[in-house]
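A.B. asks: predicted model, plus sequence, below.
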Amino acid sequence: MKLLVLEGDGIGPEITAATVRAVGAMNHRFNLGLELETADSGLVSLEKHGTTLTEAVQEQARAADGVILGPCDTVVYPDVNDGGINPSSWFRKNFDLYANMRPSRARKGAPAKAPDIDLVIARENTEGFYADRSMFAGSGEFMPTKDVALAVRKITREGSRRIADAGCKLAMQRRKKLCIVHKRNVFRMSDGMFHDVAQEVAAGYDGLEVEDVIVDAMAALLIRRPESFDVVVTTNMYGDILSDLAAELSGGLGLGPSINAGDDRAIAQAAHGSAPDIAGQNIANPIALMLSAGMLINWLGERHDRPDLVEAARRLDEAVDAQLAEGTAVTPDLGGALGTDAFGEAIAKRIAG
């Protein structure tokens, strides 16, 4: 089984190296037979090859069983016509990665503001308000005059159905609670359809407890009673915002993993950005990308009926918990003094046993 590793920009090479060390320890401990290959991406690739994602790397990704993608500093990329391909966007579109799963769980030793939070945001990943996801050609954001800017939002019945189904399946594996988040009181047709389709899908899962909450109320309820939520299914932009809020409640974005999954492919990608202001200082927290890689390996294990992969992912999660529980044996953002590389080594040793 092959995994392609793309380091990305900013802190990407540092946190990716720590993640690869942890995955290597899993590979050795459980004899997983994983083959990891690394390729250029982002600004390094742009300087070497004139594009942030070459066609050769795209083919490597297609041939791989999964991808570990480091954070990308897309703000400084040139126009796509000048080589500034957004790798995350490319994978999402070309692999049809419609389910962005973002868990947030308080862990002992982490500075959680909500000590009982344990939920997953199931975010629709291919539609919504984002300009690169709402049109077949061109941008969904445009200016008919210099003083007017407009944005087109796309919600489809099929897009709503499949993220709702993914959320329901996950909820049935957890506490069997699903919350549908929407704004159908205002967006009566678009959010109305999303809500209705999600309710129809959820009705097909016996024993699933379902509630629906308007998005602004959800922001308040995440603060007031985060422990009451299990799986939250919602549209793209709402999920993007709410998942950052949930991550902060659980201890910060440095602990926020995610997986972008479709029917046939998935990539691991931390929820946070490239943090260029601390790049190269060996102080970045690699936990989010490590846990994202664990989610990918778990996804592969479930898809290919590989209990060893599932067990290895569980071991990684336990290693992170054990390291956090020590309190000071963490990176500076969590109040410790360990460097990124030392933290990666510590996690690898815990996995190895």
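C.D. replies: Nice, I can see it.
A.B. asks: pLDDT weak spots in the protein?
C.D. replies: For the chain, applying pLDDT under 70 flags no range at all.
A.B. asks: which one in it is furthest away from the centre?
C.D. replies: Among the residues of the chain, the one whose C-alpha is farthest from the average of all C-alpha positions is residue 145, by Cα atoms, centre = their mean at 36.3 Å.
A.B. asks: how deep is residue 47 tucked in, by neighbour count?
C.D. replies: In terms of burial, residue 47 registers 10 neighbours under the definition other Cβ atoms under 10 Å. Placement of C-beta: from N, CA and C, glycine included.
A.B. asks: which ones are touching the residue farthest from the centre of the chain?
C.D. replies: Residues counted as contacts of residue 145 (Cβ atoms under 8 Å, 6 or more residues apart in numbering): none.
A.B. asks: ok, it to residue 68 distance?
C.D. replies: Shown here: residue 145 relative to residue 68, a distance of 44 Å by Cβ to Cβ, to the nearest Å.
A.B. asks: contact partners for the nearest residue to residue 115 once chain neighbours are set aside?
C.D. replies: For residue 115, ignoring the flanking residues on the chain, the nearest one in space by Cβ to Cβ, 6 or more residues apart in numbering is residue 106 at 5.0 Å. Going by Cβ under 8 Å, 6+ apart, residue 106 touches 112, 114, 115, 116, 117, 118, 249, 250, 251.
A.B. asks: okay if I get these as TSV plus neighbour count?
C.D. replies: Listed next are those as TSV, based on neighbours: other Cβ atoms under 10 Å:
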residue	neighbour count
112	20
114	20
115	14
116	12
117	22
118	17
249	20
250	25
251	25
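A.B. asks: can you give me the helices in the stretch 1-150 of the chain?
C.D. replies: Read by DSSP state H, counting those that start in this stretch, the stretch 1-150 of the chain holds these helices, from start to end of the chain: 12-30, 42-49, 55-63, 87-94.
A.B. asks: contacts for the last one?
C.D. replies: With Cβ under 8 Å, 6+ apart as the contact definition, helix 87-94 has outside contacts at 6, 8, 41-42, 52-53, 58, 61, 67, 69, 72, 74, 97, 125-126, 132-133, 260, 267, 269.
A.B. asks: only the buried residues of that helix, if you could.
C.D. replies: Of the residues in helix 87-94, those buried by neighbour count under the rule 16 or more other Cβ atoms under 10 Å are 87, 88, 89, 90, 91, 92.
A.B. asks: can those residues go into TSV with extra columns for distance to residue 12?
C.D. replies: Conversion of the buried residues of helix 87-94 to TSV gives the following (distance: Cβ to Cβ, whole Å):
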residue	distance to residue 12
87	11
88	12
89	16
90	16
91	15
92	18
